[in-house]
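Engineer: Compute the structure for the input listed below.
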Amino acid sequence: MHSRPPIRAVLIIGSLAFMSLAAPAASAKEIKIRNCTSETIRIMIQPIENEDSATPNRQYPSSHHDVRSQKAVTEDVPTDRVTVQAEQGVIAPKTEWTSVEARDYGIYFKGFPNRFGHYHGHELKPLNKNECKVVP
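Structural biologist: Numbering: from 1, shown residues only. A predicted model of the protein is given here:
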């Protein structure tokens, strides 16, 4: 009979040694965007690298979400700031907010609808207790 160490034990020890050599991961921030309009909205979230980081020109991929009315999308982002974009076709033109803090927001229609039911864009406001209420 041959005496070999079990492969599973070798893999576990090897993976633990590799993980101890790896650099610690950056703490991820969570951003939640709630659709506070009456129609489905397309939301794009893209992390932005901090200017004082070691890699200020680093690019992150964007994520796109179709969010129904009064629903929210939550995403973990690797940076403190993000670009958020909202689009609703002809109901309201595309609106973009650049370099906003990663936290909980609601997207609202901007102003009042015209005679065709179209709006001038969107507003991004902090959420009040995770609900679509405007913070006074």
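
Engineer: Quickly run through the sheet partners of the host helix or strand of residue 105, with directions.
Structural biologist: For residue 105, the host element (DSSP states H and E) is strand 104-109. Partners of strand 104-109 in the sheet, by DSSP bridges, are strand 29-35 (parallel), strand 122-126 (antiparallel).

Engineer: got the buried residues for the first one?
Structural biologist: Burial within strand 29-35, assessed by neighbour count using 16 or more other CB atoms under 10 Å, is assigned to 29, 31, 33-35. Where you see a C-beta, it was placed from the backbone N, CA and C, and this is true even at glycine.

Engineer: ok so, going back, buried residues, the strand holding residue 105. List them.
Structural biologist: Quick answer for strand 104-109 (16+ other CB under 10 Å): 104-109.

Engineer: which residue sits closest to residue 110, ignoring its sequence neighbours?
Structural biologist: Distance criterion CB to CB, 6 or more residues apart in numbering; nearest residue to residue 110, sequence neighbours excluded, is residue 121 at 4.4 Å.

Engineer: Distance of the one you found relative to residue 94?
Structural biologist: Distance, residue 121 to residue 94, using CB to CB, to the nearest Å: 8 Å.

Engineer: I am finished for the moment; much appreciated.
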